[in-house]
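Undergrad: heads up, no residue letters with this:
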């Protein structure tokens, strides 16, 4: 049987290592974000903002009730 204090110490060491890993990932994320911004600024002039809107197949309320947006007078559409 393992000593509870040994197990506790091992878990504490694992937590410390995870904290170091998280901090390293945060630093890397900041560096990548800065690099991405720099590349965007270098690109040729301002570009129009691209927006895409997915086709509306159901409205939120109709989807909750199980109705299609194109259904008429409350005719229920079964999946």
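TA: Cool, got the structure. All values derive from a computational prediction rather than experimental measurement.

Undergrad: what's near enough to touch residue 19?
TA: If a contact means CB atoms under 8 Å, 6 or more residues apart in numbering, then residue 19 has no contacts. Bear in mind the C-beta positions are built from the backbone N, C-alpha and C, glycine included.

Undergrad: name the element it belongs to?
TA: Residue 19 is part of helix 4-42 when elements are defined by DSSP states H and E.

Undergrad: Quick one: mean pLDDT over that helix.
TA: For helix 4-42, the per-residue pLDDT values average out at 92.

Undergrad: Would you mark the buried spots in that helix?
TA: In terms of neighbour count (16 or more other CB atoms under 10 Å), helix 4-42 has no buried residues at all.

Undergrad: for residue 23, what are its contacts?
TA: Here residue 23 is in contact with no residue (CB under 8 Å, 6+ apart).

Undergrad: what about it, distance to residue 30?
TA: Residue 23 sits 11 Å away from residue 30, going by CB to CB, to the nearest Å.

Undergrad: Over to residue 8?
TA: 33 Å.

Undergrad: likewise residue 15?
TA: Here residue 15 is placed at a distance of 23 Å from residue 30 (CB to CB).

Undergrad: cool, and residue 41?
TA: In this view, residue 41 and residue 30 are 17 Å apart by CB to CB.
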